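Q: Quick one, structure for this:
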Amino acid sequence: MGALHEGHLALIRAAAKENHHVVVSIYVNPAQFGVSEDLASYPVTWDTDTAALAKLDRELANDGGNLGRISAIFAPTTPDMYPSGFPGQAIDSKGSFVTITPVAEVLEGASRPTFFRGVATVCMKLFNIVQPERVYFGQKDVQQTVIIRRMVKDLMIPTEVVICPTEREHDGLAMASRNVYLGVRRRQVGLVLNSALRAAQSAYRGGETDRAAILGAAHNVCDITMRAQMALKPSERALFEIDYISLADPDSLQELDTVDLSKGAVLSGAVKMFPVEEPQEGEDLGHSGGPAVRLIDNIPLPPKPA
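A: Reported below is the predicted structural model:
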């Protein structure tokens, strides 16, 4: 959806190593936003994006390890993508949609009930237009990867889905276009989600398979961080709330009481960072003045030998 960052560029590099032609789509899809979500303030950075892609294309051309380069940027308009008219963002909107259930109804889907309808619909349209041999998605949006794989399998789309590792900032924050909303103060506290998931991962690596033990480690990190922020003045703190922290089956994303070591699991979570309460003069609040921003992250827990 534009606002390209290094995570997007890593996907393009992966595609160029395996394909003669790479098509990059840039389209801010309104169907992926709820009625009250941040479509109007979503960062649109066309000039910066195209400059980054031109630079990357030159890099790819000079790297003998690649099969191909960027052959095209596909940047449609909403009338292009919704030829019968955009049906709207409401849950009961009428139109031509692709829905993948029940996997789209849990986790992110529980909080954003129209989001994955928008994702699956626009991806189906893009696949039909471009007809790619392979498509590349990042592991950061783990539920999206599961849904797209399910859609390709169930609707018999002749396209291979390739999942690439999550790209992270130097401090561990998962790269995302919405990170520009955070500003300095909230950026530091926003690391709580990754820290919590890492604590849960450590519990699993230490031999825990029980849900209460694994997720308890994550919630403990969140509780400690929240207490520390609440102890600060409003002019210094950054408050957040946990939407969910999940331990789920890697294929269905249904919650697990115990991890099946032959399959592993996926840890995931979402936090909502609230706007800064008392901004200080000259403080960097982030893009659009630092509205509430939702952060997501996940860590796969691999199977363990018996």
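
Q: and Leu267, that's in a strand?
A: Yes - residue state for Leu267 (DSSP: H, G, I helix; E, B strand; the rest coil) corresponds to a strand.

Q: and the gap between it and Leu107?
A: 11 Å (Cβ to Cβ, to the nearest Å). Any C-beta I mention is one placed from the backbone N, CA and C, and that applies to glycine too.

Q: Now the common contact residues for those two.
A: Contact criterion Cβ atoms under 8 Å, 6 or more residues apart in numbering; residues shared by Leu267 and Leu107: Ser246.

Q: Tell me which residues are up against the helix or strand hosting Gln201.
A: Take DSSP states H and E as the rule and Gln201 turns out to sit in helix 192-205. Contacts to helix 192-205, defined as Cβ under 8 Å, 6+ apart, come from residues 168, 172-174, 213-222, 225, 240, 245, 247, 259, 265, 267-271, 295-299, 301.

Q: Does the closest residue to Glu167 other than its chain neighbours lie in a helix or a strand, and which?
A: Spatial nearest neighbour of Glu167, chain neighbours left out: Gly7 (3.8 Å); criterion: Cβ to Cβ, 6 or more residues apart in numbering. Using DSSP H and E, Gly7 falls within helix 6-18.

Q: and the helix or strand just after that helix with helix 6-18, angle?
A: Following helix 6-18 in sequence order, the next helix or strand is strand 21-25 (DSSP H and E). Between strand 21-25 and helix 6-18, the angle comes out at 160 degrees (axes from the mean of the first three to the mean of the last three Cα atoms, to 10 degrees).

Q: what about strand 21-25, distance to the chain center?
A: Relative to its parent chain, strand 21-25 has a centroid offset of 20 Å by Cα atoms, centre = their mean, to the nearest Å.

Q: Report all helices and strands that it contacts.
A: In terms of contacts (3 or more Cβ pairs under 8 Å, 6 or more residues apart in numbering; DSSP states H and E), strand 21-25 is packed against helix 6-18, strand 69-74, helix 115-130.

Q: And the average pLDDT for it is what?
A: Across strand 21-25, pLDDT averages out at 97.

Q: any residues touching it, and which ones?
A: Under Cβ under 8 Å, 6+ apart, the answer for strand 21-25 is 12, 15-16, 53, 68-76, 126, 130, 132.

Q: so what does the following helix or strand past it touch, helix or strand wise?
A: Per DSSP H and E, strand 21-25 leads on to helix 46-61 as the next helix or strand towards the C-terminus. Counting contacts by 3+ Cβ pairs under 8 Å, 6+ apart, helix 46-61 packs against helix 6-18, strand 69-74.

Q: May I see these arranged in TSV, with distance to Arg150 and mean neighbour count as well?
A: Below are the helices and strands packed on helix 46-61 laid out as TSV (distance: least, Cβ to Cβ, whole Å; neighbours: other Cβ atoms under 10 Å):
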stretch	distance to Arg150	mean neighbour count
helix 6-18	20	19
strand 69-74	24	15
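
Q: Mind checking these for the one nearest to Tyr27?
A: Among the helices and strands packed on helix 46-61, the nearest to Tyr27 by Cβ to Cβ is strand 69-74 (7.8 Å).

Q: residues near Ala199, how many?
A: Neighbours of Ala199 under the rule other Cβ atoms under 10 Å: 19.

Q: for Lys55, that is, sorry about that
A: Neighbours around Lys55, by other Cβ under 10 Å: 11.

Q: What segments of the stretch 201-306 of the chain are strands?
A: For the stretch 201-306 of the chain, the strands defined by DSSP state E, counting those that start in this stretch cover 240-248, 265-273, 293-301.

Q: Identify whichever of those lies nearest to Arg149.
A: Closest among the strands of the stretch 201-306 of the chain, using Cβ to Cβ: strand 265-273, at 13.0 Å.

Q: pLDDT averaged over that closest one - what is it?
A: Averaging pLDDT along strand 265-273 gives 98.

Q: so who does the closest residue to Ala104 other than its chain neighbours touch?
A: In space, and not counting its chain neighbours, Ala104 is closest to Phe116: 3.7 Å by Cβ to Cβ, 6+ apart. Phe116 makes contact with 99-100, 104, 108-109, 143-144, 147 under the criterion Cβ under 8 Å, 6+ apart.

Q: any idea how far Val135 is from Phe116?
A: Phe116 is 16 Å from Val135, by Cβ to Cβ.

Q: Also Val106?
A: Counting by Cβ to Cβ - Val106 and Val135 are separated by 23 Å.
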